[in-house]
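J.: take a look and give me a structure for this.
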Amino acid sequence: HDIFADAIRSTSGLCRTVRGPSMSCTPGKVEILGLEEVNGEKAFVLRFVQCRDESWIGRIFFAKYDCHATWFDELQPLAGLSLPWDSHGLPRPLEQC
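T.: Numbers count the residues shown, from 1 in each chain. Here you go, the predicted model:
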């Protein structure tokens, strides 16, 4: 994400409509919006660009920061929260998260 953020900062405003880094995975297409501290814990800020469950499209969610994670199934939830997909990689209903 840092490489993308640095690159986009050095471009003209016309280029800034591009979406950040994303991954296409079983539940849908997930965009990495950045990093934040949530309840004292470093976290990825993510959002669904596309999702098998349309109610998740555009919704932001968080995952524990892991510099070694390379795929969505390597992400872990923050304490007290759950990730928006089940153990099979399918999206959970919004009301269950």
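J.: use CA for all of it now, contacts and neighbours both
T.: OK.
J.: where exactly do the strands run in the chain?
T.: 22-25, 28-38, 41-51, 60-64 (DSSP state E).
J.: of all those, which one is nearest residue 10?
T.: strand 28-38 (17.3 Å; Cα to Cα).
J.: nearest residue to the residue most central in space within the chain in space, please, no chain neighbours.
T.: Central residue of the chain (Cα atoms, centre = their mean): residue 46, 2.1 Å from the mean position. Nearest in space to residue 46, with sequence neighbours left out and distances taken as Cα to Cα, 6 or more residues apart in numbering, is residue 32 at 4.7 Å.
J.: report pLDDT for the closest residue to residue 73 other than its chain neighbours.
T.: Sequence neighbours aside, residue 89 is the residue nearest to residue 73 in space, at 7.3 Å (criterion: Cα to Cα, 6+ apart). Residue 89 is assigned 86 on the pLDDT scale.
J.: next, residue 89: phi, psi?
T.: Dihedral angles of residue 89 (phi, psi; degrees, to the nearest 10) stand at phi 90, psi 10.
J.: that one: how many residues sit nearby?
T.: 14 (other Cα atoms under 10 Å).
J.: where does pLDDT dip in this structure?
T.: 1, 4-5, 7-9, 11-20, 97 (pLDDT under 70).
J.: how about the closest residue to residue 65 other than its chain neighbours, what does it touch?
T.: Distances taken as Cα to Cα, 6+ apart put residue 43 closest to residue 65, at 4.4 Å, once the chain neighbours are dropped. With contacts defined as Cα atoms under 8 Å, 6 or more residues apart in numbering, the neighbours of residue 43 are 35, 36, 37, 62, 63, 64, 65, 78.
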